[in-house]
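Student: Would you be able to build a 3D model of this:
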Amino acid sequence: MQNETIIAGFGGQGVLFTGKVMSYAALESDLEVTWFPSYGPEMRGGTANCTVVISDEEIGSPQVSRPRAAIVMNQPSLDKYESLVKPGGYLAVNTSLVNRAVERNDITIIEIPASELAEELGSIRYANIIILGSLCAKADFLDQKSLEKGLKKGLTGKKSALLETNLDALRSGFEYK
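Tutor: So this is what the prediction gives:
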């Protein structure tokens, strides 16, 4: 089994962190993993994406042209990555920041108002973890316990104060219908 996921959005939306959480969770599940970040020259406001490949066998390359899944946090990311998802794959869309419907009918579409749900938790900054939880719940890539461990690994030091709210965000994504 090999799952490739592209996570894309604006800089500052936690795109790279989301990929790290997936990577840590895969490691906690004794899986092979690659994390391949890419971002523009502007950190906040510029585009950012990363690719996470998870497998139970050795991974040949971290680069992926046709991912099994994509998380798109904004409209430009939907425009760029919608057509690249493999037929039968998954597309998780932050409907809070996307103003059009997904045009494909050969993939599973996960629509979630992640930014709005994050604001209910106290900050839009939790939208990335909400949408990650929703994708993993529907696609069964990683279980909730592994992702919780991934969050704990990713939020250390001063950032450990953010752990409980991020765990709430993850649960919110898993539970969203």
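Student: Tell me, please, where in the protein the pLDDT is lower than the cut-off.
Tutor: 40-46 (pLDDT under 70).
Student: Now with 80, please.
Tutor: Scanning the chain for pLDDT under 80 picks out the ranges 39-47, 177.
Student: show me where it has strands.
Tutor: For the chain, strands defined by DSSP state E occupy the ranges 2-10, 32-39, 47-55, 69-72, 90-94, 108-112.
Student: mind putting those strands in a markdown table, distance to K149 and mean neighbour count included?
Tutor: Where C-beta positions appear, they are placed from N, C-alpha and C, glycine not excepted. A markdown table is the format used below for the strands of the chain (distance: least, CB to CB, whole Å; neighbours: other CB atoms under 10 Å):
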| stretch | distance to K149 | mean neighbour count |
| --- | --- | --- |
| strand 2-10 | 18 | 24 |
| strand 32-39 | 13 | 16 |
| strand 47-55 | 14 | 23 |
| strand 69-72 | 20 | 28 |
| strand 90-94 | 21 | 26 |
| strand 108-112 | 23 | 18 |
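Student: The closest residue to F36 other than its chain neighbours: neighbouring residues, count only.
Tutor: Leaving aside its chain neighbours, F36 sits nearest to P62 (4.1 Å; criterion: CB to CB, 6 or more residues apart in numbering). The number of residues packed near P62 is 15, by other CB atoms under 10 Å.
Student: Same question for T165.
Tutor: T165 sits with 17 neighbouring residues when counted by other CB under 10 Å.
Student: Nearest residue to it in space, please, no chain neighbours.
Tutor: Distances taken as CB to CB, 6+ apart put L121 closest to T165, at 5.9 Å, once the chain neighbours are dropped.
Student: same thing with S55?
Tutor: Per CB to CB, 6+ apart, closest to S55 is Q2, 4.0 Å.
Student: Against V15, how distant is the residue nearest the centre of the chain?
Tutor: Central residue of the chain (CA atoms, centre = their mean): L132, 4.2 Å from the mean position. Per CB to CB, to the nearest Å, L132 is found 10 Å from V15.
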